[in-house]
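A.B. asks: turn this into a model:
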Amino acid sequence: RIFSKLGPLDFSTEIARLARDFTGREWLRSEVDAWLAQQDSRVFIVTGDPGTGKSAALANIAHRHPAAAAFHFCLSSLTDSLDPGRFVRSMAAQLATQLPDYRRALDGADLDGLGAADPSVALRRLVIDPLKGVHPEGPVFVAVDALDEACAYGARNIGRLLADRLDDLPEWLRLVVTSRKVPQILDWFSRFRPREIDADSPENRADVSTYLLRKFQDPRLAAILERSGTNPEATAEQVSLKGKGNFLYVTQAVEGIASGRLDPSKPDSFPVGLVGIYRSFFERVFPTAESYKTFRPILEVITAAAEPLSAAQIAAILGRDEFELRGLLQTLVVFLPERGGCYRAYHKSITDWLAGSEREDRTWSIDERAGHRAV
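C.D. replies: Now for the predicted structure:
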């Protein structure tokens, strides 16, 4: 009854994707353990630049930590994940699976009426009040990823809701959240010390090195390195240096070596940094301005859409042939993977780069307004 009335959001796709090839971050898990043992902090905030692996780290902790009672991913490409009302209902349904006393308290609640209530009211009646009689053996936490993306919903977003009502929650219920270094988010939770994933830190560099050496043991990649006459350890060092410890860069570089786009015997030709990866790829796929002009409207529609779109939907919006459009999408499958028959950006930093917020060069820029008009 609780699940059917509250309709928790399913993030299994995100968990599976982020858990794939997950490496390291034991130091972060240890810090979360130490934080849970403290009595004076309600929120553990993980910050970092785009591509530093915040979401993957949170997904691993939320999926495996015994104190994790609920988790939520704020995804700009899934509008219902940004809705604070949906967040409250989803969190309540998940907490009910972990806390028997809380589940019993919800059994008598008017879930139909509360489900449609204002998010702040719903949080009070669905979560805060029923939890008053619940006393678990130790602290538990709710994990929320990418609070910065939740800001796209408007002023009354998930981050603001949690900041405003945090002190109303029982002391044993805590938050583990991630966000880019957005001043607004950091201001809301300014009484808590953020933990930054610094790409240049020794622990992050060690995680990157471990990941690369493990990937280069894969038979397919090992064969490529062997044919090119390169040493796995030396190649791993070069990739790490070029990417400046950025995990997203590293994963894309590995994909580039596997697909033949990057030659491991020529590390000097590797693009520098995450933007370098994007620019190098687009320059290769779209050698002329005319070839990119054909593709730009597709990127504008995918970026502007509130939900991931299928090839048929994109074709209908643009008035183009679906078969031809599928072929065009295949050229950018690394950055626009097809999942569940629909397309969306692999990482928000890609759409940021396309929109121009990450660099001054406008060669590959898109017009978000044109995308919104088309959708």
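
A.B. asks: contacts and neighbour counts: CA atoms only from here.
C.D. replies: Noted.

A.B. asks: where does pLDDT dip in the stretch 201-350 of the chain?
C.D. replies: Under the criterion pLDDT under 70, the flagged ranges of the stretch 201-350 of the chain are 334.

A.B. asks: please enumerate the helices of it.
C.D. replies: Taking DSSP state H, counting those that start in this stretch to define them, one finds helices in the stretch 201-350 of the chain at 202-215, 219-228, 232-243, 247-259, 273-285, 289-304, 311-318, 322-330, 348-355.

A.B. asks: so for residue 161, which of the ones you listed sits nearest?
C.D. replies: Each of those was scored for nearness to residue 161 using Cα to Cα, and the closest is helix 348-355 (23.1 Å).

A.B. asks: next, the angle helix 289-304 makes with that closest one.
C.D. replies: 130 degrees (axes from the mean of the first three to the mean of the last three Cα atoms, to 10 degrees).

A.B. asks: and helix 348-355 with helix 273-285, angle?
C.D. replies: Direction vectors for helix 348-355 and helix 273-285, defined by the same axes, to 10 degrees, enclose an angle of 60 degrees.

A.B. asks: which other residues reach helix 348-355?
C.D. replies: Outside helix 348-355, the residues that touch it by Cα atoms under 8 Å, 6 or more residues apart in numbering are 50-51, 76, 275, 278, 303, 335, 345, 358-359, 364-368.

A.B. asks: in a markdown table: the helices of the stretch 201-350 of the chain, plus distance to residue 3.
C.D. replies: Converted to a markdown table, the helices of the stretch 201-350 of the chain look like this (distance: least, Cα to Cα, whole Å):
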| stretch | distance to residue 3 |
| --- | --- |
| helix 202-215 | 38 |
| helix 219-228 | 44 |
| helix 232-243 | 43 |
| helix 247-259 | 35 |
| helix 273-285 | 41 |
| helix 289-304 | 31 |
| helix 311-318 | 30 |
| helix 322-330 | 37 |
| helix 348-355 | 30 |
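
A.B. asks: among these, which is nearest residue 151?
C.D. replies: helix 348-355 (13.8 Å).

A.B. asks: against which helices or strands is the next helix or strand after that closest one packed?
C.D. replies: The C-terminal neighbour of helix 348-355 among helices and strands, as given by DSSP states H and E, is helix 368-374. Under the contact definition 3 or more Cα pairs under 8 Å, 6 or more residues apart in numbering; DSSP states H and E, helix 368-374 sits against helix 289-304.

A.B. asks: kindly export the helix it packs on (C-alpha atoms) in PDB.
C.D. replies: C-alpha atoms of helix 289-304 as PDB (Å, rounded to 0.1, in the frame of the first residue of the first chain):
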ATOM      1  CA  ALA A 289      31.300  23.400 -39.800                       C
ATOM      2  CA  GLU A 290      28.600  22.100 -42.200                       C
ATOM      3  CA  SER A 291      28.700  18.600 -40.800                       C
ATOM      4  CA  TYR A 292      28.200  20.000 -37.300                       C
ATOM      5  CA  LYS A 293      25.400  22.300 -38.500                       C
ATOM      6  CA  THR A 294      23.400  19.200 -39.400                       C
ATOM      7  CA  PHE A 295      23.900  17.700 -35.900                       C
ATOM      8  CA  ARG A 296      23.500  20.800 -33.800                       C
ATOM      9  CA  PRO A 297      19.600  20.800 -33.600                       C
ATOM     10  CA  ILE A 298      19.700  17.200 -32.300                       C
ATOM     11  CA  LEU A 299      21.900  18.200 -29.500                       C
ATOM     12  CA  GLU A 300      19.700  21.300 -28.800                       C
ATOM     13  CA  VAL A 301      16.600  19.100 -28.500                       C
ATOM     14  CA  ILE A 302      18.300  16.500 -26.300                       C
ATOM     15  CA  THR A 303      19.700  19.100 -24.000                       C
ATOM     16  CA  ALA A 304      16.400  21.000 -23.700                       C
END
